[in-house]
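K.L.:
Give me a model of this one.
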Amino acid sequence: MKQLTVLITGASEGLGKSFAIESAKRGLGLVLVSLPNSGLEHLANYLRVNFNCKVFYIEIDLTKNNAATEIFEKLKARKIKVNVLINNAGLGNWSWFEDKSIDFYRTQIDLNITNTVLLTRLFLNHIDKNAISYILNVGSLGGHFIVPKKQVYGATKSFIGYFTRCLQLELSGSNVHISLLSPGGMNTKPELLIMNNELKGFAKATILEADYVAKTAIDGMLKGKKEIIPGFANRFLLLLDKIIPGFLKEIIIRRKLKSILTA
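P.N.:
This is a model prediction of the structure:
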């Protein structure tokens, strides 16, 4: 296989950092993208020292209008060719719709949707179409379900799923392999770890570690899987969703919503 170089957005923490470490373990070249002052330089040095891999990093706010273009201009200037794109950067929340400002939602939509679309478009211009390349779009299991207090986030991840499936059809038969990652909950931050530890039973079984998700995702991507859903419990949950009638799901959601309101 030709040497792979992967561009990872949101690479400084959480799942993005796990993607970076897993890619370095496999000997891939790395282009890491994240916000300024997010610890990207430290991560790049750690990966170089511990895995002897090539690492280039770009500190940029991906919600800037020209951020995607700037990234590929920097790659061109440094004569760096990437053949794997992991669209990981995203902004989540757990809040009632009216509790967040329009600026928050604008940022969330720009980061979760616009950034993914533009980077993917520029990546397709950048690659050698005669060689194999990969795109991994990070969606969410939440994009498959109606989840109160995740209304805009869930909608952005539904978009990522639709966008990815359309591209898979458009580019079928080409050398571009596109995968959708639909993870459930993950322990990516200390506050999430505390919250997830309070879960019980099946709900707790759906929570996975970011390192495991990253490894499963890259394995699936390289095998050309269309959709990657890490964890048996999460795959079972999705299967259950397809079986349960719509009216029954609405009753369950309304009961859940009532319990949140009275909590």
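
K.L.:
my read: Tyr105 touches Val152, true?
P.N.:
Yes. Counting by C-beta atoms under 8 Å, Val152 is a contact partner of Tyr105 at 5.5 Å. Just so you know, the C-beta spots here come from the backbone N, C-alpha and C atoms, and that holds for glycine as well.

K.L.:
quick one: the strands in the chain?
P.N.:
Taking DSSP state E as the criterion, the chain carries its strands at 5-9, 29-34, 55-59, 84-87, 133-138, 176-181, 186-187, 208-209, 227-228.

K.L.:
Give the residue spans of the chain that score low on pLDDT.
P.N.:
Applying pLDDT under 70 to the chain flags residues 1-2, 187-206, 235, 238, 240-241, 244-263.

K.L.:
try it again with 90
P.N.:
Applying pLDDT under 90 to the chain picks out residues 1-3, 94, 140-150, 183-209, 230-263.

K.L.:
which stretches of this structure form helices?
P.N.:
For the chain, helices defined by DSSP state H occupy the ranges 14-25, 40-51, 67-77, 102-109, 115-126, 151-170, 190-197, 201-205, 210-222, 232-243, 246-262.

K.L.:
starting at the chain centroid, how far to the third one?
P.N.:
Distance of helix 67-77 from the chain centroid (C-alpha atoms, centre = their mean, to the nearest Å) equals 21 Å.

K.L.:
that older thread, can I get the strands of the chain in TSV with mean neighbour count and distance to Asp99?
P.N.:
Converted to TSV, the strands of the chain look like this (neighbours: other C-beta atoms under 10 Å; distance: least, C-beta to C-beta, whole Å):
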stretch	mean neighbour count	distance to Asp99
strand 5-9	25	27
strand 29-34	26	27
strand 55-59	18	30
strand 84-87	26	27
strand 133-138	24	25
strand 176-181	24	28
strand 186-187	20	23
strand 208-209	16	28
strand 227-228	18	32
